[in-house]
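Colleague: No letters, just coordinates:
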């Protein structure tokens with residue numbers, strides 16, 4: 001008989017660690033209303049960034065004579 005020992009992910013440091021302990025485990029579960037408010041705030045922030053970017057691009061095009 002021939003036995004081969006293969007070192008795999010399960011045997012590695014990463015495979016033995018609990019990444020959930022580091023990645024967001026302390027985040028509380030949001031209620032439906034809290035989640036909606038959080039999503040709305042994120043959407044508004046993204047819209048503001050897009051508007052600022054569009055304004056900057058328009059100014060750059062104007063400078064370039066386009």
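Modeller: Ah, there it is. Note that this is a predicted model, so its numbers are computed, not measured.

Colleague: from here on, contacts and neighbour counts on C-alpha atoms
Modeller: Noted.

Colleague: mean confidence for the lengthiest helix in the chain?
Modeller: Among the segments of the chain that qualify as a helix by DSSP state H, the longest is helix 32-63. The average of the pLDDT scores along helix 32-63 is 95.

Colleague: Could you list every helix and strand in contact with it?
Modeller: Judged by 3 or more CA pairs under 8 Å, 6 or more residues apart in numbering; DSSP states H and E, helix 32-63 has no packing partners among the helices and strands.

Colleague: Any buried residues in that helix, and which?
Modeller: Buried residues in helix 32-63, counted by 16 or more other CA atoms under 10 Å: none are found.

Colleague: From residue 28, how far off is residue 48?
Modeller: 27 Å (CA to CA, to the nearest Å).

Colleague: do the same with residue 47
Modeller: 26 Å.

Colleague: Kindly report the same for residue 56.
Modeller: Taken as CA to CA, the span from residue 56 to residue 28 is 38 Å.

Colleague: next one: residue 45
Modeller: Where residue 28 is concerned, residue 45 sits at a distance of 22 Å (CA to CA).

Colleague: do the same with residue 59
Modeller: From residue 59 to residue 28 the distance is 43 Å (CA to CA).

Colleague: Also residue 43?
Modeller: 21 Å.
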